[in-house]
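In: Below is the sequence, then the predicted model.
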Amino acid sequence: MKQRPLPAHLRKYVVEQDYEKYSPIDHAVWRYVMRQNHNFLKDVAHGAYTDGLVSSGIHIDSVPNIEEMNESLQPFGWGAVTIDGFIPAVAFFDFQAHGYLPIATEIRKLENIDYTPAPDIIHEAAGHAPILCDKKYAEFVKRFGEIGSKALATKEEHEVFDAIRTLSDLLEKGSATEEEILAAKMNLEMKQSLIEEVSEAEQISRLYWWTVEFGMIGTVNHPTLYGAGLLSSIGEGVNSLSDEVEKVPFDLETAINTGFDITTQQPQLFVCEDFDVLTAAVEEFAEGMAVRVGGTESLDKAVRSANTATAVLSSGIQVTGTFTNLVKADTGEAIYLQTTGETALALDDETIVGHGKKEHCHGFGSPIGKVRGCEKPLEDWNNTDFQLNGLVLGESFTLVFEHGLVVEGVLNEVVLKNGKVIMLAIKHASVAYNGEVLFESGDGVYDMAVGTTVTSVFAGAADSEHFYGEATKRDDVQQSTPLKTLTPLERLYGEIRELREQEKTPQEIIHTIQQVNHELDCFPDDWLLRLEIVEILTVNPLLPKTREKLIGELELLKQQHSSLQKWIDNGLQLIKVRQTA
């Protein structure tokens, strides 16, 4: 399956991985998590997991190179790109719709080794990529992306997303003050309190969470793991199979009506029978989305989103912009739509020449409905219909729609595409309803989109390539940073990593470990490097007294810091497993 090129409108979110920025501690964190996960998951994960690790270009001992992953995923119809942390949900789904796995470049810190609220390379590479090597699952995720990218969120939800991204960055990057973190938390709580409805975007996010992120497959009595959150978090994976977590048979309605908390382990998980069930579920959900329902209800969703959306009229013309107002008849039916700011008109997802956002930079408005006294929709009119209704090129006319909206002016052009009238160009135009003037073109030309009904409304642009430009580029994306000098502790990690990865004589091993062990006394709270040295001295039975000293220090750290107990115990247990293998 040939991989589609990455669309230009998504490239703005892509950053360089800057592989050299990963410190020896970063690689050690990756290695610890991956070894723990693989040891546990090889027996409880979906069958594609173990083989998928290798097939997707992931290595146990070092942070993956995303360029290598991209090449490895090509045979499965997928690719991989690096992004900087949180991106808008529409963009995230759009990446997947095009067959690209967006992977955050950052890696969790040692103190957050179990879980991080920010997107990181462990979750997105080791969690998502392996199962994509299963054909049916890969098709499901891609289809989910196609549908999810169309889901409309509310303005309040967009603001919550921004608040979460801000807080997540502060928590993970570690440079913020307590006051800044508290302020970010309070801002997030305030934004969350303003949400009054569950949008289709929130519902499909829940579906994504309970399937792609935390899904289980099989039966409730014998489930296996496939969700990325379960495959990338040691704690979540183990906890998911305990009796403390309720296993619920997957059901679409239950899933989309069950909220989630990203900061805690999940109290229940959904178990699907197979991936065909998930594909059917996302298609069923799509049937109720604005993209397929259309009409006034869907236009209302676009207005509440206060973000770029597209309305498709029955003629086929597509209006992309930020919908800010609807004029409605007494029946509640929308009879005139309005956008504010840059707007573009498209057909078949391609911008109509001369009708991009530069030409419609101040917004757009157009009537919806039938012409009064004429059963035939305006988009189906022929020359005779135009003449019978008084519309002649170069002459003045008055067009009255069913609910009383009036369009007047001089007909300048009739634009037809695909056998439909999609637009009327009108000089000296005026649009009014109930005595109120909605629009006047003055000496200019009014481009009236034609459509009896709104057949579809969806998030984002019809022609994303042309609509999204440099002006929409995130201004907080982190660019590549100069290679930093290693700290003393990072240097020690690097020496042990080199010792493990390169063939060394016993004398060289002894010399290096003695030096590192001596300097390690300056870092009494570091547990992971001590574990790595114990592992080397177990595989290579050397320096038994040093090995026992380090194990003693690890036992002391467990007593001093109870939160470290499971990580140290799990690490020592895995060393024993390797010793007896």
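Out: Nice, I can see it.

In: Spatially central residue (nearest the centroid) of the protein, please.
Out: Nearest to the mean C-alpha position of the chain, by CA atoms, centre = their mean, lies Phe92 at 2.8 Å.

In: surely that one meets Ile103?
Out: No. Phe92 is beyond contact range of Ile103, at 11.3 Å (criterion: CB atoms under 8 Å). C-beta coordinates here come from the backbone N, C-alpha and C atoms, glycine included.

In: ok so, going back, ok, the residue nearest to the centre of the chain - contacts?
Out: Phe92 is in contact with Pro102, counting by CB atoms under 8 Å, 6 or more residues apart in numbering.

In: That one should be in a helix, yeah?
Out: Yes. Assessed by DSSP: H, G, I helix; E, B strand; the rest coil, Phe92 belongs to a helix.

In: What is the least confident helix or strand in this protein?
Out: helix 155-173 (a mean of 78; mean pLDDT, DSSP states H and E).

In: next structured bit after it?
Out: helix 178-193 (DSSP states H and E).

In: helices or strands up against that next one?
Out: Packing partners of helix 178-193 (3 or more CB pairs under 8 Å, 6 or more residues apart in numbering; DSSP states H and E): helix 155-173.

In: Pull the residues that contact the helix it packs on.
Out: In contact with helix 155-173 (CB under 8 Å, 6+ apart) are residues 85-86, 88-89, 106, 108-109, 112, 116-118, 120, 153, 176, 180-181, 184-185, 187-188, 191-192, 194-196, 199, 201-202, 304-307.

In: Now do the buried residues in stretch 331-339.
Out: 334-339 (16 or more other CB atoms under 10 Å).

In: what comes into contact with it?
Out: 295-296, 299-300, 311, 319, 321-329, 363-369, 401-403, 405, 431, 433, 438, 454.

In: Please narrow those residues to those residing in strands.
Out: Per DSSP state E, strands hold the following members of the contacts of stretch 331-339: 311, 319, 321-328, 364-367, 431, 433, 438, 454.

In: Restricted to buried residues, select those residues in ChimeraX.
Out: The buried residues among the ones in strands among the contacts of stretch 331-339 can be selected in ChimeraX (16+ other CB under 10 Å) with this line:
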select :311,319,321,322,323,326,327,328,364,365,366,367,431,433,438,454
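
In: distance of Glu359 from Phe95?
Out: 30 Å (CB to CB, to the nearest Å).

In: in the stretch 451-581 of the chain, which spans are strands?
Out: Remark: strands assigned in the stretch 451-581 of the chain by DSSP state E, counting those that start in this stretch are 454-459.

In: brain fart, the stretch 251-400 of the chain
Out: With DSSP E, counting those that start in this stretch, the ranges of strands along the stretch 251-400 of the chain come out as 268-272, 308-313, 317-328, 334-347, 350-351, 364-367, 396-400.

In: Including distance to Thr224 and mean pLDDT, could those strands go into TSV?
Out: Shown next, in TSV, are those (distance: least, CB to CB, whole Å; pLDDT from 0 to 100):
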stretch	distance to Thr224	mean pLDDT
strand 268-272	9	97
strand 308-313	39	97
strand 317-328	43	97
strand 334-347	44	98
strand 350-351	44	96
strand 364-367	51	97
strand 396-400	63	97
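
In: need the ones you listed in CSV with distance to Ile217, can you?
Out: Listed next are these as CSV, based on distance: least, CB to CB, whole Å:
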stretch, distance to Ile217
strand 268-272, 5
strand 308-313, 35
strand 317-328, 38
strand 334-347, 40
strand 350-351, 40
strand 364-367, 47
strand 396-400, 57
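
In: and Asn382, which of those strands is closest to it?
Out: Closest to Asn382 of the strands of the stretch 251-400 of the chain, according to CB to CB: strand 396-400, at 16.2 Å.

In: Parallel or antiparallel, list what pairs with the closest one.
Out: Here strand 396-400 is paired, per DSSP bridges, with strand 406-417 (antiparallel).

In: Give the buried residues for the strand it pairs with.
Out: For strand 406-417, using 16+ other CB under 10 Å, the buried residues are 406-412, 414-415.

In: And stretch 129-143, by the same measure?
Out: In stretch 129-143, counting by 16+ other CB under 10 Å, buried: 129-134, 137-143.

In: How about residues contacting that stretch?
Out: In contact with stretch 129-143 (CB under 8 Å, 6+ apart) are residues 46-53, 55-58, 69, 73, 76-78, 80, 96-97, 99, 101, 212, 226, 228, 231, 274-276, 278-279, 282-283.

In: average pLDDT across stretch 113-129?
Out: What stretch 113-129 shows for mean pLDDT is 85.

In: shaky segments in this structure?
Out: 1-3, 116-117, 172-174, 469-484, 577-581 (pLDDT under 70).

In: what does the domain assignment say about the protein?
Out: Domain assignment of the chain by automatic domain parsing yields the ranges 8-154+197-282, 155-196, 290-472, 488-580.

In: mind checking the end-to-end distance for the longest one?
Out: Length of domain 8-154+197-282, first residue to last, CA to CA, to the nearest Å: 27 Å.

In: Off-centre distance for that domain?
Out: Chain-centre distance of domain 8-154+197-282: 11 Å, with CA atoms, centre = their mean, to the nearest Å.

In: before we move on, the earlier item: arrange the buried residues of stretch 331-339 in a markdown table, one row each, with distance to Lys420 as further columns.
Out: Listed next are these as a markdown table, based on distance: CB to CB, whole Å:
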| residue | distance to Lys420 |
| --- | --- |
| Ala334 | 20 |
| Ile335 | 20 |
| Tyr336 | 20 |
| Leu337 | 18 |
| Gln338 | 23 |
| Thr339 | 22 |
